[in-house]
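> turn this into a structure:
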Amino acid sequence: MRLVIGNKNYSSWSLRPWILLKHARIKFEEVRIPLFTQEGDRLLEELCPAKKVPVLYDGQLVLWDSLAICEYVADKFPDKRLWPEADADRARARAMSAEMHSSFQALRESMPMNCRRVVKGFQPDLQTEIDIDRVVQLWEQALVDSKGPWLFGRYSVADAMYAPVVTRFQTYRIATPPLTQAYCEKVLGDASMKQWFEEASHETEIIAKAEINE
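Sure, this is the predicted structure:
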């Protein structure tokens with residue numbers, strides 16, 4: 001398998017399937033595209049049907065959507081147990097993943113992922129606060145029900161889908177309840193996430209619209 005991703009510092013959609021594959025210890029080739037550059041535009045045209053990242057190549061199959069990629073990986077490697085086993089938990093994990101995929105627009109726009117930054121004094125607007133509160137509500141309920149340490153006990157697609165939000169909470173210093181804070185620390189302390197941050201720290205590209213002023 002080959003996974004085409006964008007800049008590790010900025011590309012939240014790329015992080016989702018990347019960290020799922022890494023956490024599950026599934027081997028894949030990584031192709032990184034420096035977005036918003038001449039070379040990046042050429043590679044997007046060449047490798048990405050929708051001109052967006054991520055894209056997964058597996059033999060003749062080409063998948064160009066992060067959630068679809070995660071779903072495919074979970075189906076292809078059932079032994080990795082990347083969805084909860086209980087029917088009700090699996091349904092809830094899918095619903096949470098789908099909500100992350102389709103919602104939280106205010107949070108995405110006002111808190112772009114930026115692994116190299118810590119933004120001091122960030123004040124979310126009302127719509128962003130609503131998004132933050134909804135994420136925390138989802139996490140808290142899942143963690144109470146499963147007793148952790150991951151959202152549904154074992155690591156799942158849901159954890160991969162929400163991983164970029166954890167990085168945003170760190171970047172923008174979002175205060176959270178103790179249970180959510182412990183979950184964020186678990187995500188950030190994971191070896192795969194540490195690798196992502198380390199590699200992001202060595203990137204040199206700057207995407208201006210993702211650099212929020214303090």
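
> use CA for all of it now, contacts and neighbours both
Will do.

> quick one, longest helix in this structure?
helix 126-146 (DSSP state H).

> got the buried residues for that helix?
Residues of helix 126-146 classed as buried: 128, 131-132, 135-136, 139-140, 142-143 (neighbour count, 16 or more other Cα atoms under 10 Å).

> again with stretch 91-100
So for stretch 91-100, counting by 16+ other Cα under 10 Å, buried means 92-94, 96-97, 100.

> please render the residues you listed as TSV that adds secondary structure to the earlier fields.
TSV is the format used below for the buried residues of stretch 91-100 (DSSP: H, G, I helix; E, B strand; the rest coil):
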residue	secondary structure
R92	helix
A93	helix
R94	helix
M96	helix
S97	helix
M100	helix
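
> can you list these in TSV and add pLDDT and distance to R108?
Formatted as TSV, those follow (pLDDT from 0 to 100; distance: Cα to Cα, whole Å):
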residue	pLDDT	distance to R108
R92	98	22
A93	98	21
R94	98	20
M96	98	16
S97	98	15
M100	97	10
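
> can you tell me which of those residues is closest to A50?
M100 (19.9 Å; Cα to Cα).

> contacts only, for that closest one.
161-162 (Cα atoms under 8 Å, 6 or more residues apart in numbering).

> the helix or strand hosting V62 - what's its average pLDDT?
Using DSSP states H and E, V62 sits in strand 61-63. If you average the pLDDT over strand 61-63, you get 98.

> state the mean pLDDT of the helix or strand following that strand.
Downstream of strand 61-63, the first helix or strand assigned by DSSP H and E is helix 66-76. Averaged over helix 66-76, pLDDT sits at 98.
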